[in-house]
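Asker: Provided below for reference: sequence and predicted model.
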Amino acid sequence: MTILKTASAALIATVVATGAFAQDGANIFVIGGKADDPFWSIVKKGAEDAGQIVEAQGGSVTWLGPQNYDNLGPDAADLIRTAIAQDADAIVGPNWVPEAMDEAFQAVTEAGIPLILYNAGGIEAADRLGAMNYVGSDDYLAGKAAGEYFADHGVTNVTCVNTLPGAANLQAQCKGLIDGATGKGGTAQELPLPMSSFGNPTAVAQAVKGHLLESPEVAGLYTIGNVDANSASIAIMQAGAGDRVKLGGFNLDQTILDNIKAGTQLFAIDQQGYLQGFLSVAILNNYVNYGLTVPTRQILTGPGIIDAANVDATLAGVAAGVR
């Protein structure tokens, strides 16, 4: 990540010194998560770092996020329409809930506005909606990698804790987990919780604790976000299940990496959110200003597995705010 940031600074200096930028610049709108969501703050940092180049070339990057996740699909669709109404030159967005968001994304491409999907949806959604690229992890493969990792480490009964069950990318992740675990002879299931529980540590911890007490055969928990992983860790302790239940999850932060290092969390799946924000904005900026395109339409930033073998190398990225 440091290499990317250094390269950005060098490019900004060159652009400013030579005056080699479009007269008006590109006004890029980025649809993302809540401002206080730990994962999305990293994605936002990536977009803002790339935005330094955009601003040096006379353009701007505007971040639009929902107030909460209770009505995720319709609220995100409204943000897309807001970007269109504010004369966006290009738009970046996740296809979280296709049935609620596809129409808004189609309005983007029908208006001739360049679009990149990132974080959720995959290349299939990019094809369906006419987006230039998809930048992000493959959620099904992320879940499958997690299910296989659990099985390979002797954890044969796993629950996928889904606090955003209406989001297609997270449904795909839980399906991947189930397929990965069962494909290696294990058992897995999904525990869907109300969307209002996402980001609510108390609600998640109580629900997961209840699940563990009611299902003593469960030997592994997988969460769809780093905040939920920390809640699940507390639930495991409260249920007195530390000896039998191993924890894995999607995304990471300082606490999760410390837990992996200490052995209280088995692994985390990394999707490199910083790169999702950075690359999406950079690609669109170059396209709007210079007509440059990336021939590889699916640009995967994950999944990667962080465990005891590579946790130390990842901690430096967390300190820099990019992991």
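Answerer: Thanks, I have the structure now. Numbers count the residues shown, from 1 in each chain.
Asker: quick one: distance of stretch 35-48 to the chain centre.
Answerer: Distance of stretch 35-48 from its chain centroid, counting by Cα atoms, centre = their mean, to the nearest Å, is 10 Å.
Asker: brain fart, stretch 314-323
Answerer: In terms of Cα atoms, centre = their mean, the centre of stretch 314-323 is set 16 Å apart from its chain centre.
Asker: quick check: the gap between the residue nearest in space to the middle of the chain and residue 170.
Answerer: When the chain is reduced to its mean C-alpha position, the nearest residue by Cα atoms, centre = their mean turns out to be residue 119, at 4.9 Å. Per Cβ to Cβ, to the nearest Å, residue 119 is found 11 Å from residue 170. In this view, the C-beta of every residue, glycine as well, is placed from N, C-alpha and C.
Asker: likewise residue 87?
Answerer: Where residue 170 is concerned, residue 87 sits at a distance of 32 Å (Cβ to Cβ).
Asker: between the two, which one's more packed in?
Answerer: Shown here are residue 87 and residue 170; by other Cβ atoms under 10 Å, residue 170 has more neighbours (24 against 9).
Asker: name all residues that make contact with residue 76.
Answerer: The contact partners of residue 76, taken as Cβ atoms under 8 Å, 6 or more residues apart in numbering, are 31, 66, 93, 94, 96, 97, 100, 101, 104.
Asker: any idea which helix or strand carries it?
Answerer: Here residue 76 is covered by helix 72-85, with elements defined by DSSP states H and E.
Asker: tell me which residues are up against the next helix-or-strand element following that helix.
Answerer: Once helix 72-85 ends, the next helix or strand along the chain (criterion: DSSP H and E) is strand 90-93. Outside strand 90-93, the residues within contact range by Cβ under 8 Å, 6+ apart are 26-31, 47, 76, 79-80, 83-84, 101, 105, 108, 113-118, 277, 280-281, 284-285, 287-288.
Asker: okay, domains of this structure per the record?
Answerer: Structurally, the chain divides into domains by automatic domain parsing as follows: 2-137+272-303+311-319, 139-270.
Asker: buried deepest among these, which one?
Answerer: domain 139-270 (a mean of 21; mean count of other Cβ atoms under 10 Å).
Asker: what average pLDDT does that domain get?
Answerer: If you average the pLDDT over domain 139-270, you get 95.
Asker: and it, how far apart are its ends?
Answerer: End-to-end distance of domain 139-270: 11 Å, with Cα to Cα, to the nearest Å as the criterion.
Asker: chain center to it: distance?
Answerer: Taking the mean of its C-alpha atoms, domain 139-270 sits 16 Å from the chain's own mean (Cα atoms, centre = their mean).
Asker: re the thing from before, show me the contacts for the residue nearest to the centre of the chain.
Answerer: Applying Cβ under 8 Å, 6+ apart to residue 119 gives the contacts 32, 43, 94, 135, 136, 137, 169, 271, 273, 276.
Asker: now intersect the residues you listed with the helices, please.
Answerer: Of these, the ones assigned to helices by DSSP state H are 43, 169, 273, 276.
Asker: which among the contacts of residue 76 gets closest to residue 244?
Answerer: Closest approach to residue 244 among the contacts of residue 76 (Cβ to Cβ): residue 96, at 33.9 Å.
Asker: pLDDT check: weakest of the contacts of residue 119?
Answerer: Lowest pLDDT among the contacts of residue 119: residue 169, with 88.
Asker: what sits closest to residue 305 if chain neighbours are left out?
Answerer: Spatial nearest neighbour of residue 305, excluding adjacent residues (Cβ to Cβ, 6 or more residues apart in numbering): residue 267 at 5.6 Å.
Asker: may I have the phi/psi pair for the one you found?
Answerer: With angles defined as degrees, to the nearest 10, residue 267 shows backbone torsions of phi -170, psi 170.
Asker: coming back round to it: from the contacts of residue 76, pick the one nearest residue 316.
Answerer: The nearest one, if we look at those relative to residue 316 and count by Cβ to Cβ, is residue 94, at 27.2 Å.
Asker: please tabulate the contacts of residue 119 in a markdown table, including the columns distance to residue 179.
Answerer: Conversion of the contacts of residue 119 to a markdown table gives the following (distance: Cβ to Cβ, whole Å):
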| residue | distance to residue 179 |
| --- | --- |
| 32 | 29 |
| 43 | 27 |
| 94 | 23 |
| 135 | 24 |
| 136 | 20 |
| 137 | 16 |
| 169 | 15 |
| 271 | 19 |
| 273 | 24 |
| 276 | 24 |
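Asker: widest-spaced pair of those?
Answerer: When Cβ to Cβ is used, the two most widely separated members of the contacts of residue 119 are 32 and 137, lying 15.0 Å apart.
Asker: what segments of this protein are strands?
Answerer: If DSSP state E is used as the criterion, the strands of the chain fall at 27-31, 60-64, 90-93, 115-118, 133-137, 157-162, 187-192, 220-223, 246-250, 267-270, 298-302, 304-306.
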